[in-house]
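Student: Task: produce atomic coordinates for the following.
(2 chains)
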Amino acid sequence: ELKVEQNPLFLSMQEGKNYTIYCNYSTTSDRLYWYRQDPGKSLESLFVLLSNGAVKQEGRLMASLDTKARLSTLHITAAVHDLSATYFCAVAQWGGGADGLTFGKGTHLIIQP
Amino acid sequence: GAVVSQHPSRVICKSGTSVKIECRSLDFQATTMFWYRQFPKQSLMLMATSNEGSKATYEQGVEKDKFLINHASLTLSTLTVTSAHPEDSSFYICSARPGYSNQPQHFGDGTRLSIL
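Tutor: Modelled structure (predicted):
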């Protein structure tokens, strides 16, 4: 059974600071995703990571994937209030195709002015 | 980009009512769609995989007679919560991914179901 562990689950930080969210998964996978969810809303896709060593950046967010360690990180640089949201990592089962995703529990991020 | 539309966005109804939720891929064909459920302040849990033209695949612990899934075309999947009870109140979200490309799954806006 694929398990996805995310930490921390809650993070309160000040604007301008840097921080990293970690996502560990238990079995081999060929695809890892990061999503953002605002309160009462659905999921917004942030990153798709497909191979070992993959690194993607968008604005103040950067995601990386180490398939050997089964670890992905989402790094926040110089945080701003607009980044306050819940962030989920999700993993597709090995074998690709049309498998559903297994989600981490999410990291509730609050960025204070 | 790929768009997934979900309807209705909010349902409030009495216990015992059956509720149908629609999920449409607007600008791509999806042979497979997925249905998730999210309880307040919790993560998303995969309920079932909806397969066009064939039976849905349900995750362990999900009652297939309770949550009926129909995927009659390449752009539409429906989830019917039959004889809903208060414990079925949740946020239901569908997703789909264009073909087998390396794109992310795109999620609908979700349906907030409240059973009184």
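Student: residue closest to the middle of chain B?
Tutor: B:Trp35 (3.6 Å; CA atoms, centre = their mean).
Student: For the closest residue to that residue other than its chain neighbours, which residues are in contact?
Tutor: Closest residue in space to B:Trp35, ignoring its immediate chain neighbours: B:Met47 at 4.6 Å, by CB to CB, 6 or more residues apart in numbering or on different chains. The C-beta positions use only the backbone N, C-alpha and C, and glycine is treated the same way. Counting by CB atoms under 8 Å, 6 or more residues apart in numbering or on different chains, B:Met47 touches B:35-37, B:58-59, B:62, B:67, B:79.
Student: Could you rerun that using 7 Å?
Tutor: By CB atoms under 7 Å, 6 or more residues apart in numbering or on different chains, the contact set of B:Met47 is B:35-37, B:59, B:62, B:67.
Student: secondary structure element for it?
Tutor: strand B:44-51 (DSSP states H and E).
Student: could you give the mean pLDDT of that strand?
Tutor: The average pLDDT within strand B:44-51 is 92.
Student: Same check on stretch A:43-55?
Tutor: The average pLDDT within stretch A:43-55 is 91.
Student: any residue of the following helix or strand past the strand holding B:Met47 up close to chain A?
Tutor: Using DSSP H and E, the helix or strand that follows strand B:44-51 in sequence is strand B:57-58. No: for strand B:57-58, no contact with chain A is found by CB under 7 Å from any CB of the partner chain; the gap never falls below 8.7 Å.
Student: From the chain's centroid, how far away is strand B:57-58?
Tutor: 12 Å (CA atoms, centre = their mean, to the nearest Å).
Student: any weak-confidence spans in the chain?
Tutor: Defaulting to chain A. In the predicted model of chain A, residues A:93-98 satisfy pLDDT under 70.
Student: meant chain B, my bad for not saying
Tutor: By pLDDT under 70, the weakly predicted segments of chain B are B:1, B:99-102.
Student: how about the strands in it?
Tutor: B:4-7, B:10-13, B:19-25, B:32-38, B:44-51, B:57-58, B:67-73, B:76-81, B:90-96, B:106-107, B:111-115 (DSSP state E).
Student: mind putting these in CSV, distance to A:Leu50 included?
Tutor: What follows is those, written out as CSV (distance: least, CB to CB, whole Å):
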stretch, distance to A:Leu50
strand B:4-7, 21
strand B:10-13, 36
strand B:19-25, 22
strand B:32-38, 19
strand B:44-51, 20
strand B:57-58, 24
strand B:67-73, 27
strand B:76-81, 26
strand B:90-96, 18
strand B:106-107, 17
strand B:111-115, 30
